[in-house]
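>>> Task: produce atomic coordinates for the following.
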Amino acid sequence: MKLSSEQFHNGYLAFAFIRGINLVIENDIRKLLKNYELSFPAFRILWILHFDSNHINMSDLSYLAQTNISNVFRQLTKLKEEGLVIIENGHDARTKEVCLTEGGRKLVQEFIEENTTNSNLQIVESIAKISKEDFSKFIEVFTLLSDELLGKQYGDFLTKSSNAILNKSIHTP
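Presented below is the predicted three-dimensional model:
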C-alpha cells in the first residue's frame, strides 16, 4: 500500500493526541487510586473483571487490558494476595480463570460511585464541554479505529461496560 505524507501525518497526529490524553487520564486515575492503595495496572484488571459476569481466562483478560500475559499474571498474583481476586484452574491445567471477590467488586463499585457523583477526573469535566453531536461523532470515529486496530471484541467490551455504568446495571453476584 502506497502511503501519502498526509496519511502518515494524520496517523501520527491521531497517535500523539491519543497518547497525550491517555497520559493525563492515567495520571488522574493514579491520584485517585492512592486512596485505595492500588496501582493503575492492578486497578485496570479489577475494572475489567468488574464488568465480566463470569470467570474470564488469562488470554481474554490480557487482550482487554491491552498488555502481555506476564504483566496480567503479576498483577493477579498481587490482587489474589490482597484478597481481591480468585484464580482457578480452567478447563485444563494449562489455563486459569479469574473472577473478583466481593472485596474487589466493592472497590471498583466505590470508585464508580465516587466518579459518577463528583469526579475529579479532568476528562469528565472536559467532555462535558463537547456537544452531544460532536461527542457522538468522536465515539463513532474511535469505534471504527478500535474495531480496525484492536478487533470488535474490544469495542464490544467498552460498549457493554460503559452502558452498565450509564444504566447502573453493573452485575453483582
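>>> In the helix or strand containing I48, which residues are buried?
Element membership for I48 (DSSP states H and E) is helix 40-50. Within helix 40-50, the residues scored as buried using 16 or more other C-beta atoms under 10 Å are A42, F43, R44, I45, L46, W47, I48, L49, H50. From N, CA and C alone the C-beta is placed, and that goes for glycine too.
>>> ok, the residue lying closest to the fourth one once chain neighbours are set aside - contacts?
So that's I45. Of all residues not flanking I45 in the chain, Q75 sits nearest, at 4.9 Å (C-beta to C-beta, 6 or more residues apart in numbering). By C-beta atoms under 8 Å, 6 or more residues apart in numbering, the residues touching Q75 are S39, P41, A42, I45.
>>> Do you have the helices of this protein handy? List them.
With DSSP state H as the definition, the chain shows helices at residue ranges 5-33, 40-50, 58-65, 69-81, 102-117, 122-127, 132-149, 152-167.
>>> Now render these as TSV, adding distance to D92 and mean pLDDT.
Putting those into TSV (distance: least, C-beta to C-beta, whole Å; pLDDT from 0 to 100) gives the following:
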stretch	distance to D92	mean pLDDT
helix 5-33	35	95
helix 40-50	22	96
helix 58-65	13	92
helix 69-81	16	95
helix 102-117	25	93
helix 122-127	41	94
helix 132-149	31	96
helix 152-167	23	93
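>>> Only alpha carbons, please: show stretch 63-81 as PDB.
Provided in PDB are the C-alpha atoms of stretch 63-81 (Å, rounded to 0.1, in the frame of the first residue of the first chain):
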ATOM      1  CA  TYR A  63      -6.400  -8.700  25.500                       C
ATOM      2  CA  LEU A  64      -8.900  -6.400  27.200                       C
ATOM      3  CA  ALA A  65      -6.100  -4.900  29.400                       C
ATOM      4  CA  GLN A  66      -4.000  -4.400  26.300                       C
ATOM      5  CA  THR A  67      -0.900  -5.800  28.000                       C
ATOM      6  CA  ASN A  68       1.000  -9.100  27.900                       C
ATOM      7  CA  ILE A  69       0.000 -12.100  29.900                       C
ATOM      8  CA  SER A  70       3.100 -11.900  32.200                       C
ATOM      9  CA  ASN A  71       2.000  -8.400  33.300                       C
ATOM     10  CA  VAL A  72      -1.500  -9.700  33.900                       C
ATOM     11  CA  PHE A  73      -0.300 -12.700  35.900                       C
ATOM     12  CA  ARG A  74       2.000 -10.400  38.000                       C
ATOM     13  CA  GLN A  75      -0.900  -8.100  38.800                       C
ATOM     14  CA  LEU A  76      -3.300 -11.000  39.500                       C
ATOM     15  CA  THR A  77      -0.800 -12.500  41.900                       C
ATOM     16  CA  LYS A  78      -0.700  -9.300  44.000                       C
ATOM     17  CA  LEU A  79      -4.500  -8.900  43.800                       C
ATOM     18  CA  LYS A  80      -5.000 -12.500  44.900                       C
ATOM     19  CA  GLU A  81      -2.700 -11.900  47.900                       C
END
